[in-house]
Structures are given as structure tokens and as C-alpha cells.
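K.L.:
with the sequence up front, the predicted model follows.
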Amino acid sequence: MKRLPKNDGDKVSNLANENFPEKPEGRLSAPARREFLRTSILGTAAIATAAAKPLVAREPELGGSSAVAYSGDIAAFELDEITIGDLQEGMKSGKYTSRSITEKYLARIDAIDKQGPAINAIMELNPDALSIADAMDKERKEKGPRGPLHGIPVLIKDNIDTADKMMTTAGSLALLGSRASKDSTVAQKLRDAGAVILGKTNLSEWANIRSNHSTSGWSGRGGQTKNPYALDRNPCGSSSGSGAAVSANLAAAAIGTETDGSIVCPSSTCGIAGIKPTVGLVSRTGIIPISHTQDTAGPMCRTLRDAATLLGVLTGMDGDDPATAESREHSYTDYTQFLKEDGLRGARIGIVRRTFGFNEDVDKVMEAALETMRKQGAILVDPAPIESAGKFGDSEFTIFLYELKADLNTYLTKLGPNAPVKSLKDVIEFNEKNSAKEMPYFGQDTFLKSEEKGPLTTQEYIDAVAKARDLARKEGIDATMDKNNLDALVGPTGGPAWLTDHINGDSFGGGSSSTAAVAGYPNITVPAGFVHGLPVGISFFGRAWSEPVLLRVAYAFEQATKARKAPSFAPTLNI
């Protein structure tokens with residue numbers, strides 16, 4: 001969900017540069033890095049038995065990545081870069097069935113996620129995937145499809161509850177064996193839509209909130225996920241497995257979660273589209289939390305149309321998540337209606353220059369992106385500064401510390417008396433007792449700070465929430481958009497993927513996720529171009545509930561550039 005970056009991204013190591021003015025322009029600072037989730041345990045390989053074999057937790061990788069040893073070719077894949085719409089047409093014509101599609105993705109996972117380049121994006125396969133696919137095929141034949149996701153294989157992050165044979169662990173060995181008694185609302189909506197939940201993806205353990213020195217894409221349960229564009233590079237966190245899996249064509253779509261950057265950063269570094277919705281548009285019930293003021297689930301897909309399709313399935317009010325009450329007048333079941341190829345014509349786009357400048361090559365990609373927008377008829381307001389940027393990073397981190405303890409304790413309590421751990425304190429003690437496997441590279445300093453905090457009635461917490469929301473919303477995004485009469489704001493989503501380094505941790509360069517994250521406002525990223533063969537994305541963000549407007553302008557940009565290119569699974573960059 002969120003990860004504060006050391007230099008740009010996910011959890012407590014580095015918040016976006018806009019929040020830390022004491023850092024050089026373009027450098028991320030302490031609290032932004034926990035947003036990028038990770039987890040991973042993988043089941044089996046053979047297709048015939050993939051849906052039946054139990055999964056076994058793997059030993060953490062203590063010797064670095066084996067990916068750089070890979071030098072083979074990747075076999076052609078029939079479903080490479082295929083869209084949800086294409087799959088539906090294939091099932092309608094009889095070319096495919098849900099079972100045949102599911103089998104093909106299982107074979108793909110076996111070939112390149114567990115073998116070959118060994119991306120290690122999948123934590124666990126669903127033993128019931130093929131039987132679900134069979135049921136969806138039978139229903140299609142007898143009654144017709146339920147909707148656009150009928151029979152479509154979807155992966156979900158391993159911090160999202162499923163009431164089935166799969167575990168939900170947030171990548172931690174402390175929750176090994178934990179199986180939810182009830183589906184999360186997200187999982188239930190996927191099932192209701194006829195989707196095949198194919199498996200769970202690895203993430204940055206505990207959504208990158210355990211330590212300020214963590215490495216994105218690594219979890220005690222799942223090991224290290226690799227970036228499919230260069231295997232020694234990082235996929236960003238915490239939804240690293242979801243990003244890498246979709247990019248590598250291991251499924252048609254995936255669900256990630258974000259607190260600050262955990263959907264948009266892995267989407268950017270893995271060359272896909274990601275939507276971080278307004279907080280409250282998608283229910284968080286049954287998702288392992290970090291911060292109820294910022295957490296949200298969202299779609300991660302190879303195209304924005306697929307992401308919009310998936311978003312429409314996920315929305316709706318949930319009595320168990322009070323934040324969703326506000327979405328009553330703002331949610332839609334079909335977001336594809338807002339996708340317009342001429343959606344940039346006449347749109348007023350504000351350029352948040354403060355988020356530029358951390359990488360010259362990224363700036364070149366962004367300038368080319370801005371020129372594309374001009375040619376598509378957009379009116380660029382440049383610059384459109386967010387005056388409050390850089391003033392709320394300390395408050396954001398304070399909120400995380402309080403809400404992590406309160407929200408996680410609530411989640412663990414609901415697991416019931418047989419849960420392996422029942423509180424944040426229990427998790428801390430488990431990690432200490434199992435430090436060789438759980439903490440071979442980094443500790444749990446953020447967990448320890450969180451455990452020291454008091455209840456949510458503490459004045460320090462109340463003041464931090466008020467300050468952060470006011471600065472990010474009223475004095476931040478809202479003020480900038482009102483002053484300049486804007487439809488959307490844009491900035492680089494992040495830099496190119498950095499080398500995975502378990503000793504020193506993450507090396508985020510910069511990014512633009514934090515203001516929208518702290519405000520609880522929507523953020524959409526799409527591929528913008530490449531730096532030395534590594535993808536970088538551009539973010540479109542704006543007011544609360546402005547997903548329709550953001551989809552319109554982001555889709556027009558995506559269609560004008562078509563910047564997405566499938567990964568080559570190179571062992572390393574040749575530069």
C-alpha cells in the first residue's frame with residue numbers, strides 16, 4: 001500500500017521530494033516508501049496440477065538475485081499483450097475458453113516466473129483456478145457472460161483476503177498459514193463479476209512499512225521480485241509483484257494497493273497503466289492495512305482501457321468501510337465511457353515543475369510528453385506550483401505510525417483466535433525470534449516506532465491528520481487547480497528502475513505521488529517513454545472523485561504515444 005522512499009518512493013525511507021524541502025530538488029526523503037507492497041510464495045509449475053498442489057513457503061534469498069545468471073530466450077506467448085476485450089472476443093468466437101486462457105497463463109507463470117528469467121512475481125497460485133474457469137465456461141454457455149471480466153484471470157496482491165485455499169500474509173512469515181474466513185470486498189466483487197482469481201502476487205513485505213531501509217519487492221515469504229525489463233533492476237514497491245506480473249503477461253490484469261506510490265511506482269517502472277483511486281471509491285475491507293486515511297486498492301493493467309474496465313468492477317459502497325459512503329454520488333460501474341481519444345483537446349493541464357529535475361533523461365521524456373499534449377490540443381499551464389508541497393511529510397509519517405498500529409491490530413484481531421499473530425507487538429516479537437529469515441537485510445525500525453504510539457485520540461495524531469489534509473487538499477491540489485482553472489495536474493511518476501540492492505536498500509530518484517496520496521485524491525499513471533531501455537511513467541492527478549476527467553486526458557495521451565513496449569527480460573542493461 002505505501003512505501004516511503006529513501007530517494008523516492010514507498011515507505012519510510014524516502015517521501016516524494018515535494019514533501020522534503022531540505023533535500024536537493026528531485027530527491028525523495030524519509031516517509032514515502034512504504035507504499036510499495038511485496039509478497040511471494042509460489043506454488044507449482046505444471047499446468048495439470050497447478051491448481052491442486054499445496055504451496056510451500058520458500059527460504060528468503062540471502063545471496064542476492066539469481067536472475068543475472070539467466071541468458072536464455074523467451075518462447076513466443078500466444079496471449080502476449082492481449083487485452084481483456086480481445087480475450088472476451090476470443091471466448092465469444094470460440095477461439096478461447098476461460099479454461100484454455102487460464103491454462104495458458106499458468107504455463108506462462110511456470111515458464112518465466114518460476115523458471116527461465118524467474119521474475120518471482122507470483123506468491124501463490126489458486127488451487128481452484130481451473131475449476132472456477134470451468135464454471136465460468138459452463139455459465140457462459142448456459143446464460144451468457146456476466147460482464148467484461150467473465151472468465152478473465154486476474155492476480156491480486158497478497159495483502160488482500162480471499163476466503164479460499166490461499167493464504168493472505170503481506171509477505172510475512174508471521175502470517176504463514178493465515179487464511180481468511182471471508183473474502184475481502186475486492187475479492188468478492190471480482191468473483192461476482194465472473195473473474196478467475198488466478199493467484200496472489202509478491203509484494204514489499206508489509207507493504208514496505210516495516211523499515212525505513214527496506215528493499216522494494218522483497219518479502220520474507222516470497223523473496224525478491226525482479227523487474228522484467230532488466231532482471232537485476234527493482235520493480236518498485238509495494239505492489240511490485242502485481243506490476244511485474246502484468247508487465248510480463250502472466251495475467252490479463254492485477255490488483256495492487258497504495259498508501260503513497262505503491263500502485264503508481266511499480267506501474268511506472270514496469271511499463272504499465274495504474275489507477276490509484278480516490279480513497280473511498282474502492283472498499284478496503286479485508287485488506288491488510290497501513291493507514292486508513294490513505295490506503296486504497298486499484299487496478300494495474302497493460303492498457304488504460306483494461307484498468308478502467310477493472311475499476312468499474314471494484315467500485316461501490318461497503319457498510320464495513322465508512323470511507324465508501326462518500327462515493328455514493330461519485331462512482332460508476334463503467335469507466336470506459338470516459339475514454340476519449342481526443343480527450344486532451346481543450347483540457348487545461350497544470351505542470352508541477354517541482355516534481356521534475358531529479359533525472360535529466362526523465363526530464364527529456366517528460367518534455368516530449370508535454371509536447372505531445374500540446375499537439376493534442378491541451379492548454380498547458382506551466383508551471384502550476386503546489387505551494388504547500390514539502391510541508392506535510394512529517395505529518396504523513398506521524399499518521400502512518402499511529403494508524404499502522406491501530407489499523408493492523410484491528411485487522412489481526414478479526415482473524416480470530418487461531419491467528420498466528422494477534423497484534424503488531426506479536427509481529428515484532430515473531431520477527432525478533434525469526435530474524436535470520438525475516439530480517440536478513442533490514443530490520444523493523446518503523447514497526448518499533450509505531451508500537452510506541454498511543455491511541456488515535458492522541459492530540460499529536462489528531463493535529464497531524466488535520467495538518468496533512470489541509471495542506472494536501474485545500475491549500476494543495478484544490479488551491480492550485482482553482483487558481484489556474486485546471487482539469488488535471490501532471491508530473492513524472494518516478495525515475496527508471498534502480499539496481500536491486502539488499503545491503504543499501506532502495507534508491508528512489510524522485511516522483512510525484514505524495515500530494516495526491518496524502519490528500520486521498522486520484523492518481524493515474526501511464527507509460528511515457530524509456531530511459532536506457534527502462535520504462536518511465538507520467539502521472540495525471542487531481543481533485544477528489546475526478547477519475548472520469550483523469551481517465552479522459554490520460555487515455556488521450558496513451559493513445560497518442562502508445563509508449564508501452566513489452567519487456568525483453570534482459571539479465572542486465574547493456575549501456
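P.N.:
That came through fine. Residues are numbered from 1 along each chain as shown.
K.L.:
remind me, longest helix of the protein?
P.N.:
In the chain, assigned by DSSP state H, the helix with the most residues is helix 393-414.
K.L.:
quick one: list the elements packing against the next helix-or-strand element following that helix.
P.N.:
Later in the chain than helix 393-414, the nearest helix or strand by DSSP states H and E is helix 424-433. Identification of packing neighbours for helix 424-433 by 3 or more Cβ pairs under 8 Å, 6 or more residues apart in numbering; DSSP states H and E yields helix 393-414, helix 445-451. Glycine gets a C-beta too; all of them are placed from N, C-alpha and C.
K.L.:
hmm, try it at 10 Å
P.N.:
Secondary-structure packing of helix 424-433 (3 or more Cβ pairs under 10 Å, 6 or more residues apart in numbering; DSSP states H and E): helix 205-208, helix 393-414, helix 435-438, helix 445-451.
K.L.:
residue 257 - that's part of a helix, no?
P.N.:
No. Counting by DSSP: H, G, I helix; E, B strand; the rest coil, one finds residue 257 to be strand, located in no helix.
K.L.:
which residue lies farthest from the center of the protein?
P.N.:
Distance from the centre of the chain peaks at residue 142, with 35.9 Å (Cα atoms, centre = their mean).
K.L.:
check the spacing between it and residue 188 real quick.
P.N.:
From residue 142 across to residue 188, the span is 23 Å (Cβ to Cβ, to the nearest Å).
K.L.:
mean neighbour count and distance to residue 314 added to the helices and strands packed on helix 424-433, as TSV?
P.N.:
Output for the helices and strands packed on helix 424-433, formatted as TSV (neighbours: other Cβ atoms under 10 Å; distance: least, Cβ to Cβ, whole Å):
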stretch	mean neighbour count	distance to residue 314
helix 205-208	39	18
helix 393-414	22	19
helix 435-438	15	32
helix 445-451	19	28
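K.L.:
confirm that the residue farthest from the centre of the chain sits in a strand.
P.N.:
No. Residue 142: not assigned to a strand; according to three-state DSSP it is helix.
K.L.:
phi and psi next, for the residue lying closest to residue 74 once chain neighbours are set aside.
P.N.:
Distances taken as Cβ to Cβ, 6 or more residues apart in numbering place residue 569 nearest to residue 74, at 5.5 Å, with adjacent residues excluded. The phi/psi pair for residue 569 (degrees, to the nearest 10) reads phi 60, psi 40.
K.L.:
show me the contacts for residue 569.
P.N.:
Neighbouring residues of residue 569 by Cβ atoms under 10 Å, 6 or more residues apart in numbering: 67, 70, 72-74, 112, 116-119, 226-231, 248.
K.L.:
would you list the buried entries among those?
P.N.:
Burial by neighbour count, 16 or more other Cβ atoms under 10 Å: within the contacts of residue 569 this picks out 67, 70, 74, 112, 116-119, 226-231, 248.
K.L.:
can you get me a residue count around residue 416?
P.N.:
Neighbour count of residue 416, defined by other Cβ atoms under 10 Å: 11.
K.L.:
and it, how close does it get to residue 260?
P.N.:
30 Å.
K.L.:
flag the shaky bits of the chain, pLDDT-wise.
P.N.:
Scanning the chain for pLDDT under 70 picks out 1-71.
K.L.:
could I get the helices and strands packed on helix 424-433 as CSV with distance to residue 473?
P.N.:
Output for the helices and strands packed on helix 424-433, formatted as CSV (distance: least, Cβ to Cβ, whole Å):
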stretch, distance to residue 473
helix 205-208, 23
helix 393-414, 13
helix 435-438, 37
helix 445-451, 25
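K.L.:
so which of the ones you listed is nearest residue 132?
P.N.:
helix 393-414 (25.6 Å; Cβ to Cβ).
K.L.:
now do that closest one and helix 424-433, the angle between them.
P.N.:
Following axes from the mean of the first three to the mean of the last three Cα atoms, to 10 degrees, one obtains 90 degrees for the angle between helix 393-414 and helix 424-433.
K.L.:
okay, helix 393-414 in PDB with CA atoms only?
P.N.:
Taking C-alpha atoms only, helix 393-414 is exported to PDB below (Å, rounded to 0.1, in the frame of the first residue of the first chain):
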ATOM      1  CA  GLY A 393       5.900  14.900   5.000                       C
ATOM      2  CA  ASP A 394       6.400  14.900   8.800                       C
ATOM      3  CA  SER A 395       2.700  14.800   9.400                       C
ATOM      4  CA  GLU A 396       2.200  12.000   6.900                       C
ATOM      5  CA  PHE A 397       4.700   9.800   8.700                       C
ATOM      6  CA  THR A 398       3.200  10.600  12.100                       C
ATOM      7  CA  ILE A 399      -0.200   9.500  10.800                       C
ATOM      8  CA  PHE A 400       1.400   6.300   9.500                       C
ATOM      9  CA  LEU A 401       2.900   5.400  12.800                       C
ATOM     10  CA  TYR A 402      -0.400   5.900  14.700                       C
ATOM     11  CA  GLU A 403      -2.700   4.300  12.100                       C
ATOM     12  CA  LEU A 404      -0.400   1.300  11.400                       C
ATOM     13  CA  LYS A 405      -0.600   0.200  15.000                       C
ATOM     14  CA  ALA A 406      -4.400   0.800  15.400                       C
ATOM     15  CA  ASP A 407      -5.500  -0.500  12.000                       C
ATOM     16  CA  LEU A 408      -3.200  -3.600  11.900                       C
ATOM     17  CA  ASN A 409      -4.300  -4.600  15.400                       C
ATOM     18  CA  THR A 410      -7.900  -4.300  14.300                       C
ATOM     19  CA  TYR A 411      -7.200  -6.400  11.200                       C
ATOM     20  CA  LEU A 412      -5.300  -9.100  13.100                       C
ATOM     21  CA  THR A 413      -8.000  -9.300  15.800                       C
ATOM     22  CA  LYS A 414     -10.600 -10.000  13.200                       C
END
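K.L.:
ok, residue 531 - contacts?
P.N.:
Residue 531 makes contacts with 359, 360, 361, 362, 364, 365, 495, 496, 497, 575, as judged by Cβ under 10 Å, 6+ apart.
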